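Quick one, structure for this:
(2 chains)
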Protein chains: 2
Amino acid sequence: MKIYLVTCNKGKVKEFKQILEPKVKVEQLPIDYPELRSDDPEEIARLAAKQLADSLKKPIVVEDSGLFIKALNGLPGTCSAYIHKRVGLKGILTLMKGIKNRQCMYMSAVGYCEPKKQPISFLGTEKGKIAKKARGTGGFGHDPIFIPDNSKKTYGEMNNTEERKRFRRKAVLKLLQHLKT
Amino acid sequence: MKIYLVTCNKGKVKEFKQILEPKVKVEQLPIDYPELRSDDPEEIARLAAKQLADSLKKPIVVEDSGLFIKALNGLPGTCSAYIHKRVGLKGILTLMKGIKNRQCMYMSAVGYCEPKKQPISFLGTEKGKIAKKARGTGGFGHDPIFIPDNSKKTYGEMNNTEERKRFRRKAVLKLLQHLKT
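Got it, this is the predicted structure:
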């Protein structure tokens, strides 16, 4: 079978292919699409997958990640990309200055929908801590300030995507499980 | 004629009635509705009005406001409510600490749509500065840190809504003009 991954991010396509192929063929559709403004990353992914599947008449996968920081009541959360684009890592580090509790969670929500069917979603999470300063240049977004539990390195300091982005792998593996059954 | 204002905010209903009635009757529909995640407040308002008008089969008005701070590249912007709920005024003041350029703009986007018609939108703006600390308890959201140009008081220190929220009045007056013609 074959799914269409809607994203403009080539790194994301590579990660999906590594996990899903050869069982499921992945084709990228590099288009922008409207997203819901919601507190719930899975709701955002489901609605986007549903609208794309119905309009493009293909089985659609979308994915969105966000960093949820406990001391900031979940910020940047589902607005991670919006906030990162405007104030970057510096903005988050400024908000976290002097704060001892640096617990956070990276979340990946994968939405899947076939035309005229109901959408489903899969969540992958990984706990970690916010670094005192940005370290490394790997990955993108908030990776240089995210230290996963049981690691001393930030995601930005890790070289391969198998070490990094474990939360996204978890969500994509759930999708694979679903597609196989 | 009559329009249906979709909002759970009673203060907003009062403001709309003051401007639109008796020419246009305003009825509140206190329901939550899905909103787009976008950089453009008018696009968010148009899409919400369109979806509500088609599903409820009534002429629909929605309104959303945001504070756009120049030194923060437009943050909190269209995520104003999301960010305010999580880090409050303190979060914005922390990000603005030590920053000299305190220019900002409050924006109101009003969306209007009749069933099966195309939606239209009206923008109202007001320039101002971010206060060094929160002052006053009037209004809501970012009002206690917004000092409109040509004023020394924050919106939070103003007593009546005619002084406050001039940006929203501008957008609603444009809607009135449209409905009269």
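
Tell me where chain A is predicted with low confidence.
Scanning chain A for pLDDT under 70 picks out the ranges A:161-162.

Helices along that one, start to end?
Ranges of helices within chain A are A:10-20, A:41-56, A:80-95, A:166-180, based on DSSP state H.

most tightly surrounded among those?
Stretch with highest mean neighbour count among the helices of chain A: helix A:41-56 (a mean of 21; mean count of other CB atoms under 10 Å in any protein chain shown). C-betas here are computed from N, CA, C, even on glycine.

So that one, near chain B or not?
Yes. Helix A:41-56 lies within reach of chain B by CB under 8 Å from any CB of the partner chain, at A:Ile44, A:Leu47.

picking up where we left off before, can I get the helices of chain A in TSV with distance to B:His178?
Formatted as TSV, those follow (distance: least, CB to CB, whole Å):
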stretch	distance to B:His178
helix A:10-20	42
helix A:41-56	29
helix A:80-95	30
helix A:166-180	45
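
you'd agree A:Arg102 is up against A:Ile130?
Yes. If you go by CB atoms under 8 Å, A:Arg102 and A:Ile130 touch, sitting 4.4 Å apart.

Now do the shared contacts for those two.
Residues touching both A:Arg102 and A:Ile130 (CB atoms under 8 Å, 6 or more residues apart in numbering or on different chains) are A:Ile69, A:Met96.

what about those two, which has more around it?
Taking neighbours as other CB atoms under 10 Å in any protein chain shown, A:Arg102 and A:Ile130 compare with A:Ile130 leading, 24 against 16.

Can you give me every residue that contacts the most centrally placed residue in chain A?
Nearest to the mean C-alpha position of chain A, by CA atoms, centre = their mean, lies A:Ser65 at 2.3 Å. Contacts for A:Ser65 were tallied using CB under 8 Å, 6+ apart; they are A:Ser80, A:Tyr106, A:Met107, A:Ser108, A:Ala109, A:Gly141, A:Phe167, A:Arg168.

what are the bridge partners for the fourth one, then?
Here A:Ser108 shows beta-bridge partners A:Ser65, A:Gly124, assigned using DSSP bridges.

Isn't A:Arg169 up against A:Gly124?
Yes. Here A:Arg169 reaches A:Gly124: they are 6.8 Å apart, a contact under CB under 8 Å.

If we go by neighbour counts, what in stretch A:99-106 is buried?
A:Arg102, A:Cys104, A:Met105, A:Tyr106 (16 or more other CB atoms under 10 Å in any protein chain shown).

follow-up on the earlier one: quick one: which of the helices of chain A is nearest B:Thr137?
helix A:80-95 (24.1 Å; CB to CB).

outside of the closest one, which residues touch it?
Contacts of helix A:80-95 (CB under 8 Å, 6+ apart): A:65-67, A:69, A:72, A:75-76, A:130, A:132-134, A:141-142, A:144-145, B:37, B:39, B:72-75, B:77-79, B:83, B:87, B:91, B:94-95, B:97.

Need the contacts of A:Ser65 in a markdown table (columns: distance to B:Arg46).
Listed next are the contacts of A:Ser65 as a markdown table, based on distance: CB to CB, whole Å:
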| residue | distance to B:Arg46 |
| --- | --- |
| A:Ser80 | 25 |
| A:Tyr106 | 33 |
| A:Met107 | 30 |
| A:Ser108 | 30 |
| A:Ala109 | 26 |
| A:Gly141 | 29 |
| A:Phe167 | 34 |
| A:Arg168 | 33 |
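
How about the residues of chain A by chain B?
Residues of chain A lying near chain B (CB under 8 Å from any CB): A:34-39, A:44, A:47, A:72-75, A:77-79, A:82-83, A:85-87, A:91, A:94-95, A:97.

dump the residue contacts of A:Lys23.
Shown in contact with A:Lys23 (CB under 8 Å, 6+ apart): A:Leu176, A:Leu179, A:Lys180.

let's see it at 7 Å
Each residue near A:Lys23 by CB atoms under 7 Å, 6 or more residues apart in numbering or on different chains is listed here: A:Leu176, A:Lys180.

Tell me how far it lies from chain B.
32 Å (CB to the nearest CB, to the nearest Å).

Same check on A:Gln18?
In terms of CB to the nearest CB, A:Gln18 sits 28 Å off from chain B.

Repeat that for A:Leu52.
14 Å.

my guess is that residue contacts A:Tyr4, does it?
No. In this structure, A:Leu52 is not within contact of A:Tyr4 by CB atoms under 7 Å, at 8.2 Å.

So for the two, which residues contact both of them?
A:Ile60.

Next, the contact list for the nearest residue to A:Met96 once chain neighbours are set aside, please.
Nearest non-adjacent residue to A:Met96, counting by CB to CB, 6 or more residues apart in numbering or on different chains: A:Ile130, 5.4 Å away. Residues near A:Ile130 by CB under 7 Å, 6+ apart: A:Ile69, A:Met96, A:Arg102, A:Cys104, A:Ile145.

Any chance of those in a markdown table with distance to B:Cys8 as columns?
Formatted as a markdown table, these follow (distance: CB to CB, whole Å):
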| residue | distance to B:Cys8 |
| --- | --- |
| A:Ile69 | 27 |
| A:Met96 | 32 |
| A:Arg102 | 35 |
| A:Cys104 | 30 |
| A:Ile145 | 35 |
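
quick one: buried residues of stretch A:58-76?
Here stretch A:58-76 shows A:58-72, A:74-76 as buried, counting by 16+ other CB under 10 Å.

try stretch A:28-45
Along stretch A:28-45, these residues count as buried under the neighbour rule (16+ other CB under 10 Å): A:Gln28, A:Leu29, A:Tyr33, A:Glu35, A:Leu36, A:Arg37, A:Ser38, A:Pro41, A:Glu42, A:Glu43, A:Ile44, A:Ala45.

No more questions from me, cheers.
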